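**Student:** this is the structure alone, sequence omitted:
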């Protein structure tokens, strides 16, 4: 089974397809960011602090799990069909999340949203690979990253305003009109091809199930360790063991699947391997930042949800600007390694400076430091995708694009789980060692995020029923403990991103393939024909080697 070469389209049609793709990507990106500033209010209303990480993690987990499967579905059924199905799933999840009555319901419905969002993400970046050569993709991928950044700018502000003036539930309902616009543009502007032709092996459902079976217990272990259970407890050990066993099952299934969702042979391609490792580590730092900065601003600086959204605007503008600039640089120069090193270095530096925050750190200082991290992050978003698409044959655009996003998302899910768990553990430890008497806080930072809860605590302190010190002393002690806990976790994130910098030093710099759309289609067709011939020869010799394996072995010979 090979992907047909991209169809010939006019410049006007190509622009309309890109617009439709951007609208769908905006839909998925908006929901990730619009929820950020609403999360503290959601937790305050629905309770369930233990499920706090899973408001974000459930979305990321399902989005991550479907990425490889979505990449295969793109190639088989066509981008248009997958796009429209993804939007439908996303809207259903949004409506259900907005109507959630308990934290558990919200987490489950966010998982449904994540499935749709993951499909949207995988398809959006693969579409650009169909339409443009690697040399030209830089500026377009930079544009997609800028759309992601635009949603990041609008999302926190809109989420804060909606949360403060209406209800947090509307941060989910607002997805419906945006989805209607995206679906209309896609239905009208996107052709039904490219799609796979010829005999079709069954979709690798077993591989997707095994992957989910590995990710869920591993992430549960990372989330609960140090919070619900001790790290050395039988429960955590059992979850790690189950996750490792299911990972072994996944590897076994993928080695035998006729059309695996994540071809293991791709790891032989040096560019793919380095990008997967670096993307995982950058994702860890990225999502840790998006989770902890709003918590610091609201829990330590005491700002409102809407004000948090406005304060996060410079971060997202930095991401937008650096993404667009990086795309232009890659397209104009054809070079990317030094640019990636500069971006990852800036991100690590910003996180390291954020690691010095304490109870006296102002909101302005936080914004300044997070802008540096955001500017570095923005460089990596379009560039890693272009790099991998360039290193592998055109017929593997779907799986290569989805794989880049998969490893970054796995890193993000891991980052949220690990950093939140460590933050809670260190916050409670800081309170226990505080000289102030703060029993009413009881190690729950959620109580620092809601004005109504703080008013109740203030009243209980003034009545002498909560503690033996003035309320403001107890509040300062709790905020200081939270600041110290968040700062220590930022340092961990900085160290992780520094490892990504070291890994990127091993990235080979290949010449970016260029040419007109017609030339790119001819290259794609030639690549598909060569792969078919190679597969036929391998079958005849009894070697059983797959097209992805051949691509992995020879994908870096150009340039």
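**Tutor:** Received, thanks. Note that the coordinates shown come from a computational prediction; the quantities given were computed from them, not determined experimentally. Residues are numbered from 1 along each chain as shown.
**Student:** surely residue 124 is in contact with residue 24?
**Tutor:** Yes: the criterion here is Cβ atoms under 8 Å, and residue 124 meets it with residue 24 at 5.8 Å. C-beta: built from backbone N, CA, C; applies to glycine.
**Student:** average pLDDT across stretch 232-245?
**Tutor:** What stretch 232-245 shows for mean pLDDT is 92.
**Student:** equivalent analysis for stretch 406-422, please.
**Tutor:** Rounded mean pLDDT across stretch 406-422 is 83.
**Student:** list the buried residues in it.
**Tutor:** Buried residues in stretch 406-422, defined by neighbour count with 16 or more other Cβ atoms under 10 Å: 406-422.
**Student:** residue 97 and residue 58, how far apart?
**Tutor:** Taking Cβ to Cβ, to the nearest Å as the measure, residue 97 falls 10 Å from residue 58.
**Student:** show me the buried residues of stretch 406-422 that map onto helices.
**Tutor:** Counted as lying in helices by DSSP state H, out of the buried residues of stretch 406-422, are 406-422.
**Student:** and residue 97 and residue 58? Which one has more around it.
**Tutor:** residue 97 (27 against 22; other Cβ atoms under 10 Å).
**Student:** so who does the more buried one touch?
**Tutor:** Residues in contact with residue 97 (Cβ atoms under 8 Å, 6 or more residues apart in numbering) are 106, 109, 110, 112, 113, 172.
**Student:** which SS state does the residue nearest to the fourth one when sequence neighbours are not counted fall under?
**Tutor:** It refers to residue 112. Excluding its sequence neighbours, the residue lying closest to residue 112 (Cβ to Cβ, 6 or more residues apart in numbering) is residue 93, at 3.4 Å. Per DSSP: H, G, I helix; E, B strand; the rest coil, the local secondary structure of residue 93 is helix.
**Student:** tell me how many other residues surround residue 93.
**Tutor:** So residue 93, with other Cβ under 10 Å, has 25 neighbours.
**Student:** from residue 28, how far off is the residue nearest to the spatial centre of the chain?
**Tutor:** The residue lying closest to the centre of the chain (Cα atoms, centre = their mean) is residue 409, at 4.2 Å. To residue 28, residue 409 is 12 Å away according to Cβ to Cβ.
**Student:** which of the contacts of residue 97 lies closest to residue 430?
**Tutor:** residue 106 (28.7 Å; Cβ to Cβ).
**Student:** okay, now that closest one: neighbour count?
**Tutor:** Residue 106, neighbours per other Cβ under 10 Å, totals 26.
**Student:** again, but for the one 4 residues further on
**Tutor:** Residue 110 has 28 neighbouring residues, counting by other Cβ under 10 Å.
**Student:** buried residues in the helix or strand where it lies?
**Tutor:** In the assignment (DSSP states H and E), residue 110 maps to helix 103-131. Across helix 103-131, burial judged by 16+ other Cβ under 10 Å covers 103, 106-131.
**Student:** may I see the buried residues of stretch 81-97?
**Tutor:** Buried, per 16+ other Cβ under 10 Å, within stretch 81-97: 81-83, 85-87, 89-91, 93-97.
**Student:** between those, which is closest to residue 187?
**Tutor:** residue 83 (9.0 Å).
**Student:** test my guess that the closest one contacts residue 186.
**Tutor:** Yes: counting by Cβ under 8 Å, residue 186 is a contact partner of residue 83 at 4.9 Å.
**Student:** what residues are shared contacts of those two?
**Tutor:** Counting by Cβ under 8 Å, 6+ apart, the shared contacts of residue 83 and residue 186 are 20, 24.
**Student:** the stretch 351-500 of the chain: helices as residue ranges?
**Tutor:** For the stretch 351-500 of the chain, applying DSSP state H, counting those that start in this stretch gives helices covering 363-391, 397-432, 451-462, 471-504.
**Student:** would CSV of those with distance to residue 209 be doable?
**Tutor:** Output for those, formatted as CSV (distance: least, Cβ to Cβ, whole Å):
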stretch, distance to residue 209
helix 363-391, 26
helix 397-432, 16
helix 451-462, 41
helix 471-504, 29
